[in-house]
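> have a look at this prediction, sequence included:
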Amino acid sequence: MSKKVKKNHTGVQKYNRILQVLIQNARENDFKYDLKDFQQKASSLYGGFRDKSIKTITAESVAEAKPVLLKPTQRKYKESVTKIKAIDVPNYWFDGEYAWYDIGEYVIEFSQTYPTIPIVIKSAKNRLSFVGTIKEYDSSIMQEFTEKLRIEFENDSGATFVGTKGQKGKAKRQFAFWGDSRNEDDFPDVIEQRQISAEMQKIVDEREEFIDTKRKLKELAKKKSKKAEKKLLPKIESVKPTLKKITKKEVGKPTENNVAEIRKLIDDLQKREDKLIDMVKNKLISKSEFKKQQTQISKDISELTRKLEKGGLIK
């Protein structure tokens with residue numbers, strides 16, 4: 001007898017279910033709705049369902065649900081925990097530029113490496129500040145914040161974040177800051193660099209070694225997962241596609257049927273590329289897989305376009 005596996009649904013899956021139910025309720029009542037408004041409503045209701053089973057998200061429960069504001073918890077640390085300041089952190093943490101849908105994973109890595117440094121992430125309409133370690137992305141305050149960014153930027157892949165070591169107030173409280181790259185006027189005062197002590201440098205090196213090892217283990221787990229997937233997949237015969245060679249008689253102006261066929265193939269490839277962009281934004285596929293498929297699609301489109309221009313036939 002097979003064991004019943006308990007499935008843990010992610011925050012995104014619960015959010016999508018709430019949004020789906022809101023839309024279904026509106027359609028049943030012939031209510032004209034705005035998707036953006038419903039996305040904001042789904043985000044506000046998510047807090048009430050975050051720690052519940054996805055099965056509890058029904059038409060009735062969503063209709064009766066009230067908005068729940070989720071606030072990050074401020075953690076107090078024991079005296080034994082070394083309080084590294086933002087100025088002590090290596091500069092490379094703030095050198096990159098990250099898309100709004102990638103900033104969450106990056107900030108989580110930072111929180112795991114330097115849990116005592118306050119973190120602030122800010123856009124024109126949304127702000128998140130917290131202190132402490134976020135263990136994983138799913139169902140975290142970072143995931144909830146990312147969903148708010150999705151609504152704010154309307155899935156615009158061009159919206160990016162850049163970071164800096166910031167300070168604020170008379171006490172010059174230090175923190176790690178990431179803000180909208182298009183709104184740098186809203187950035188905090190930058191901390192002036194200084195030489196850190198040998199003792200503090202040793203602690204920082206230990207932290208960097210910790211996160212570097214964690215990244216390597218994560219990459220190794222991905223490789224093992226791919227190998228396991230190959231072993232599980234049944235072996236099937238593969239045939240390499242070939243293009244029909246064009247004879248001199250075939251060269252010339254393409255017929256209307258062939259033009260329509262080639263344009264349809266190009267259109268289908270472009271639609272497939274759009275779907276891939278949505279999938280990588282929603283973290284349904286990895287970036288490496290996205291780049292691999294996108295490169296192949298671009299090659300296919302270029303080949304079809306050349307054939308169309310030369311009047312070739314594609315069979």
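Looks like it arrived, so ask away.

> what comes into contact with stretch 185-204?
Applying CB atoms under 8 Å, 6 or more residues apart in numbering, the contact partners of stretch 185-204 are 82, 84, 86-90, 120, 122, 124, 164-168, 172, 174-175, 177, 179-180. Any C-beta I mention is one placed from the backbone N, CA and C, and that applies to glycine too.

> what about 10 Å?
Here stretch 185-204 makes contact (CB atoms under 10 Å, 6 or more residues apart in numbering) with 82, 84-91, 94, 113-114, 120, 122-124, 162-169, 172-175, 177-181.

> just the residues you listed: which are in strands?
The strands, defined by DSSP state E, take in 120, 122, 162-168, 173-175, 177-180 from the contacts of stretch 185-204.

> tell me the contacts of residue 205?
If you count contacts by CB under 10 Å, 6+ apart, then residue 205 has residue 90 around it.

> quick one: average pLDDT of the host helix or strand of it?
For residue 205, the enclosing helix or strand under DSSP states H and E is helix 198-232. Helix 198-232 carries an average pLDDT of 82.

> how does the chain divide into domains?
Following automatic domain parsing, the chain resolves into domains at 11-64, 86-216, 239-310.

> quick one: end-to-end distance for the longest one.
In other words, domain 86-216. 25 Å (CA to CA, to the nearest Å).

> next one: that domain to chain centre, how far?
How far domain 86-216 lies from its chain's middle: 15 Å, per CA atoms, centre = their mean, to the nearest Å.

> would you mark the buried spots in stretch 32-40?
By neighbour count with 16 or more other CB atoms under 10 Å, stretch 32-40 contains the buried residues 38-40.

> inside helices: which ones of these?
38-40 (DSSP state H).

> now tabulate those in TSV and tack on distance to residue 190 and pLDDT.
Below are these laid out as TSV (distance: CB to CB, whole Å; pLDDT from 0 to 100):
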residue	distance to residue 190	pLDDT
38	40	80
39	35	80
40	34	78
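
> just say helix, strand or coil for the closest residue to residue 47 other than its chain neighbours.
Of all residues not flanking residue 47 in the chain, residue 68 sits nearest, at 3.1 Å (CB to CB, 6 or more residues apart in numbering). With DSSP: H, G, I helix; E, B strand; the rest coil as the basis, the three-state label of residue 68 is coil.

> so residue 68 makes contact with residue 50?
Yes - using CB atoms under 10 Å, residue 68 is in contact with residue 50, at 8.1 Å.

> higher neighbour count, these two?
Taking other CB atoms under 10 Å, residue 68 and residue 50 do not tie; residue 50 has more neighbours (15 against 12).

> so the more buried one versus residue 135, what's the distance?
According to CB to CB, to the nearest Å, residue 50 stands 15 Å off from residue 135.

> how about residue 185?
Residue 185 sits at a distance of 34 Å from residue 135 (criterion: CB to CB).

> and the pLDDT for residue 109?
The model's pLDDT for residue 109 equals 93.

> chain neighbours aside, what residue packs nearest to it?
The spatial neighbour of residue 109 that comes closest, neighbours along the chain excluded (CB to CB, 6+ apart), is residue 211 at 6.2 Å.

> what is the burial count for the one you found?
Neighbourhood size, residue 211 [other CB under 10 Å]: 15.

> quick one, what contacts it?
Residue 211 is in contact with 93, 109-110, 112-114, counting by CB under 10 Å, 6+ apart.

> narrow these to those in helices?
Those of the contacts of residue 211 lying in helices (DSSP H): 109-110, 112-113.

> quick one: mean pLDDT over stretch 174-194.
Averaged across stretch 174-194, the pLDDT comes to 86.

> among the ones in strands among the contacts of stretch 185-204, name the buried ones.
By neighbour count, with 16+ other CB under 10 Å, the ones in strands among the contacts of stretch 185-204 hold 120, 122, 162-167, 174-175, 177-180 as buried.
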